[in-house]
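>>> Sharing a model prediction with you, sequence too.
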Amino acid sequence: MARIIGGLTTSHVPAIGGAIARGLQQEPYWKPFFDGFLPVHAWLEEVKPDVAVVFYNDHGLNFFLDKMPTFAVGAAPEYRNSDEGWGIPTLPPIPGEVDLSWHVIEQLVARDFDVTTCQEMLVDHAFTIPLKLFWPKSCPVKTVPICINTVQFPLPSARRCYQLGQAVGEAIRSWDSDKRVVVIGTGGLSHQLDGERAGFINKPFDLKFMDSLVSDPEWATQYSIHELVEKTGTQGVELLMWLATRGAVPGFVRKVHTNYHIPISNTAAGMMALECLD
Ligand code: DHB
Ligand code: FE
């Protein structure tokens with residue numbers, strides 16, 4: 001059966017794509033952010049995953065307000081990148097792991113998660129930038145994208161996203177394959193791009209949340225979506241992707257590395273790498 005080697009979570013601010021394209025990783029503004037990934041590169045070299053299951057949120061590229069699935073799973077042989085208006089470079093298509101996609105979809109539907117299945121799916125910065133951050137040279141993994149709506153209310157609850165993660169983790173572990181799978185969650189941490197609170201960041205909450213993912217992973221499921229918006233900003237709810245990731249990487253974990261740097265653009269940029277010990 002397939003093995004889950006761990007979970008990776010990171011913010012996905014579009015400006016990171018511009019910084020990579022212009023080679024700004026060593027500039028004072030960017031260095032504390034990019035340096036946070038170096039220990040994770042070393043770990044990935046060691047554990048060598050074959051597949052990445054990626055929880056991310058589309059920002060109006062593949063799904064718009066007229067048709068907005070709560071949960072959508074990609075089942076395509078490749079995912080084309082497109083940019084919904086940030087002016088960042090478009091990356092080459094990313095290969096999909098179709099066999100795992102369908103296995104995950106079947107297992108989720110059997111467990112009453114009524115997901116949308118996508119045999120074509122454009123992916124935005126939330127999917128591509130984290131892959132570039134974790135594998136700057138070339139991406140060695142095939143992927144399964146899982147999109148969680150954080151754009152149009154009503155959003156799925158934190159508890160439901162955690163449960164989705166648990167079901168995805170069980171599906172991965174029952175996949176008849178000897179592949180090594182890493183689970184990735186992209187988004188967050190606290191940020192608000194619009195309205196009166198634009199620029200809002202809540203460092204104490206972010207740090208508590210990051211801690212909770214190591215030893216008390218259900219901690220954030222106590223909060224309603226409105227409480228999460230209040231505590232983390234309108235786009236801070238992207239932390240649901242982190243919660244789903246931890247749901248998929250159950251039991252005890254080892255903290256490989258974490259980084260927290262504020263701000264990158266309008267965002268508290270967080271990153272965690274957790275190794276699965278179960
Ligand atoms: C920013 C953050 C995001 O999560 C996003 O999707 C777009 C922009 C930002 O801070 O600039
Ligand atoms: Fe975002």
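Looks like it came in fine. Ligands and ions are numbered 1, 2, ... in the order given.
>>> Name the residues of the helix or strand that contains residue 101 that come out as buried.
If you go by DSSP states H and E, residue 101 is part of helix 98-110. Using 16 or more other Cβ atoms under 10 Å as the test for burial, helix 98-110 gives 98, 99, 100, 101, 103, 104, 105, 107, 108. In short, each C-beta sits where N, CA and C put it, glycine included.
>>> Not counting its own residues, what contacts that helix?
Residues from elsewhere that reach helix 98-110 (Cβ atoms under 8 Å, 6 or more residues apart in numbering): 2, 51, 53, 71, 73-77, 115, 117, 144, 146, 164, 167-168, 170-172, 174-175, 177, 179, 181.
>>> run the last query once more with 6 Å
Residues from elsewhere that reach helix 98-110, judged by Cβ atoms under 6 Å, 6 or more residues apart in numbering: 73, 75, 77, 115, 117, 144, 167, 168, 171, 175.
>>> if we can go back for a sec, please produce TSV containing the buried residues of helix 98-110, extended by pLDDT and distance to ligand 1.
Listed next are those as TSV, based on pLDDT from 0 to 100; distance: Cβ to the nearest ligand atom, whole Å:
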residue	pLDDT	distance to ligand 1
98	98	27
99	98	30
100	98	26
101	98	24
103	98	29
104	98	24
105	98	26
107	98	29
108	98	25
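>>> Which parts of the chain are helices?
Secondary structure of the chain (DSSP state H): helices located at 15-21, 31-34, 38-47, 98-110, 125-134, 158-173, 203-215, 225-232, 240-248.
>>> Out of those, which gets nearest to residue 257?
Nearest of the helices of the chain to residue 257, taken as Cβ to Cβ: helix 38-47 at 4.1 Å.
>>> And the closest one, how far out from the chain middle?
18 Å (Cα atoms, centre = their mean, to the nearest Å).
>>> Check which helices and strands that helix sits against.
For helix 38-47, the packing partners by 3 or more Cβ pairs under 6 Å, 6 or more residues apart in numbering; DSSP states H and E come out as strand 253-264.
>>> tell me how far the ends of stretch 84-92 are from each other?
Stretch 84-92 has its terminal residues 16 Å apart, counting by Cα to Cα, to the nearest Å.
>>> List, one by one, the residues from the stretch 1-150 of the chain near ligand 1.
The stretch 1-150 of the chain has residues 12, 13, 14, 15, 59 near ligand 1, with proximity defined as Cβ under 6 Å from any ligand atom.
>>> Closest one to residue 197 out of those, please.
Distance to residue 197, by Cβ to Cβ, is smallest for residue 13 among these, at 17.5 Å.
>>> burial count for the nearest residue to residue 50 once chain neighbours are set aside?
Leaving out its chain neighbours, the residue that sits closest to residue 50 by Cβ to Cβ, 6 or more residues apart in numbering is residue 179, at 4.3 Å. Other residues near residue 179 come to 17 when the count uses other Cβ atoms under 10 Å.
>>> My read is that residue 179 contacts residue 52, right?
No: when contacts are counted by Cβ atoms under 6 Å, residue 179 is not listed as touching residue 52 (10.7 Å).
>>> coming back round to it: dump the helices of the chain to JSON lines, plus distance to residue 264.
Listed next are those as JSON lines, based on distance: least, Cβ to Cβ, whole Å:
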{"stretch": "helix 15-21", "distance to residue 264": "7"}
{"stretch": "helix 31-34", "distance to residue 264": "6"}
{"stretch": "helix 38-47", "distance to residue 264": "17"}
{"stretch": "helix 98-110", "distance to residue 264": "31"}
{"stretch": "helix 125-134", "distance to residue 264": "11"}
{"stretch": "helix 158-173", "distance to residue 264": "24"}
{"stretch": "helix 203-215", "distance to residue 264": "13"}
{"stretch": "helix 225-232", "distance to residue 264": "15"}
{"stretch": "helix 240-248", "distance to residue 264": "16"}
